[in-house]
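> Pasting the sequence and the predicted coordinates here, then a few questions.
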Amino acid sequence: MDNTPTADTSIPTASPALLAGKVAFITGAGRGIGAAAARLFAREGARVMLAARTEDQLESVTQDIRAAGGTADHVVCDLADADSVRAAVDRTVSRYGRLDIAFNNGATGIPPGPMDQVREADLDRIYEVNFKGTWLAMAAEVAAIRATAGTGAIVNNSSVGSHRGNPELPAYGAMKRAVNSLTESAAVTYGPEGIRVNAIAPGTTLTEMMRGWDDVNPGIIERINAGTPLRRAADPGEIAQAAAWLLSDRSSYVTGAVLKVDGGLGA
């Protein structure tokens with residue numbers, strides 16, 4: 001009997017798109033990481049709903065996705081307004097009939113500086129958008145997933161600055177650390193229902209917010225890069241890739257994680 005292995009001459013089956021068949025809701029989708037995520041999720045087979053405060057930015061990204069053959073729509077949403085957040089999630093369900101996954105990326109920044117120089121109004125605003133806005137979005141998303149898809153996944157955008165002292169952006173880091181805690185609590189709460197909740201913690205990423213910080217503190221990006229093992233900042237699309245994986249079925253046994261996507265900065 002000849003046991004010599006024979007070559008497999010069958011035609012390989014292409015892997016399905018990472019997010020094929022899923023409906024995705026993305027906050028902060030008009031620019032930066034959120035816009036990169038919207039484009040990526042659509043390329044990976046998702047029907048996407050883009051949400052942010054600035055309609056012309058949303059319209060531009062939506063048109064880009066449609067021109068590339070993807071399915072996208074957008075809704076104006078203020079994360080600091082509970083009614084606006086719920087309406088945006090409801091709009092996703094009414095447009096596509098369900099909600100499977102959500103990327104809570106929307107955030108606002110404040111001027112850098114030590115804690116005693118943070119204005120109370122800035123602290124209130126960053127709480128309303130970066131923490132309370134994430135809370136409100138998650139509550140609406142869980143309800144929509146539960147009522148339609150039944151199971152799903154949520155990813156929150158945190159920051160490498162949430163893992164250690166952050167003298168330049170103390171309030172921003174504190175709110176992102178709170179998002180980490182909220183992520184873990186939600187993972188424990190909704191895991192039995194089949195709803196996974198994770199977060200990503202990006203390092204230096206070339207977004208408008210980061211470039212604005214560099215304008216105020218010239219050279220800050222170069223200084224951070226010098227302390228980053230990969231010696232560079234991330235492109236927004238690299239951060240979006242991590243979010244896409246966590247939202248996909250390929251990470252089906254991952255929940256309650258805060259994944260560093262920081263070039264080794266937090267190692």
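Everything's here; your move.

> For the rest of this, base every contact and every neighbour count on C-alpha atoms.
Fine.

> Show the contacting residues for T108.
Going by CA atoms under 8 Å, 6 or more residues apart in numbering, T108 touches 126, 129-130.

> At which residues are the strands of the stretch 151-267 of the chain located?
Secondary structure of the stretch 151-267 of the chain, counting by DSSP state E, counting those that start in this stretch: strands at 152-157, 195-202, 258-261.

> can I get those in a markdown table with distance to V118?
Listed next are these as a markdown table, based on distance: least, CA to CA, whole Å:
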| stretch | distance to V118 |
| --- | --- |
| strand 152-157 | 22 |
| strand 195-202 | 23 |
| strand 258-261 | 27 |
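
> For the ones you listed, give me a markdown table that also has distance to R146 and mean neighbour count.
A markdown table is the format used below for the strands of the stretch 151-267 of the chain (distance: least, CA to CA, whole Å; neighbours: other CA atoms under 10 Å):
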| stretch | distance to R146 | mean neighbour count |
| --- | --- | --- |
| strand 152-157 | 8 | 28 |
| strand 195-202 | 8 | 26 |
| strand 258-261 | 23 | 22 |
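
> want to throw these into TSV with mean pLDDT and distance to A29?
Listed next are those as TSV, based on pLDDT from 0 to 100; distance: least, CA to CA, whole Å:
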stretch	mean pLDDT	distance to A29
strand 152-157	98	12
strand 195-202	98	16
strand 258-261	97	19
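
> now for the lowest-mean-pLDDT helix or strand in the chain, which elements pack on it?
Scoring the helices and strands of the chain by mean pLDDT, DSSP states H and E places helix 208-216 at the bottom, with a mean of 79. With contacts defined as 3 or more CA pairs under 8 Å, 6 or more residues apart in numbering; DSSP states H and E, helix 208-216 has these neighbours: helix 220-226.

> top helix in this protein by residue count?
Longest helix in the chain, counting residues (DSSP state H): helix 170-190.

> Now that one: buried residues?
Neighbour-count burial for helix 170-190, counted by 16 or more other CA atoms under 10 Å, picks out 170-180, 182-184, 186-187, 190.

> next one: stretch 74-88
Buried residues in stretch 74-88, defined by neighbour count with 16+ other CA under 10 Å: 74-80, 82, 84-86, 88.

> Stretch 244-254 too?
Using 16+ other CA under 10 Å as the test for burial, stretch 244-254 gives 244-248.

> again with stretch 221-232
Residues of stretch 221-232 classed as buried: 221, 225, 228, 232 (neighbour count, 16+ other CA under 10 Å).

> again with stretch 58-72
Buried residues in stretch 58-72, defined by neighbour count with 16+ other CA under 10 Å: 58-59, 61-63, 65, 70-72.

> Contacts for it, please.
The contact list for stretch 58-72, computed with CA under 8 Å, 6+ apart, reads 29-30, 35, 38-39, 42-43, 45-52, 73-75.

> tell me the mean pLDDT over it?
Mean pLDDT, stretch 58-72: 98.

> Export it to PDB, keeping only CA atoms.
Taking Å, rounded to 0.1, in the frame of the first residue of the first chain, the C-alpha atoms of stretch 58-72 are listed here in PDB:
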ATOM      1  CA  LEU A  58     -20.000  62.100   8.600                       C
ATOM      2  CA  GLU A  59     -21.400  62.700   5.100                       C
ATOM      3  CA  SER A  60     -17.900  62.600   3.600                       C
ATOM      4  CA  VAL A  61     -16.900  59.300   5.200                       C
ATOM      5  CA  THR A  62     -20.300  57.800   4.300                       C
ATOM      6  CA  GLN A  63     -19.900  58.800   0.700                       C
ATOM      7  CA  ASP A  64     -16.400  57.300   0.600                       C
ATOM      8  CA  ILE A  65     -17.700  54.000   1.900                       C
ATOM      9  CA  ARG A  66     -20.600  53.900  -0.600                       C
ATOM     10  CA  ALA A  67     -18.200  54.800  -3.500                       C
ATOM     11  CA  ALA A  68     -16.100  51.800  -2.500                       C
ATOM     12  CA  GLY A  69     -19.100  49.500  -2.700                       C
ATOM     13  CA  GLY A  70     -19.900  49.400   1.100                       C
ATOM     14  CA  THR A  71     -23.100  50.000   2.900                       C
ATOM     15  CA  ALA A  72     -23.200  53.000   5.200                       C
END
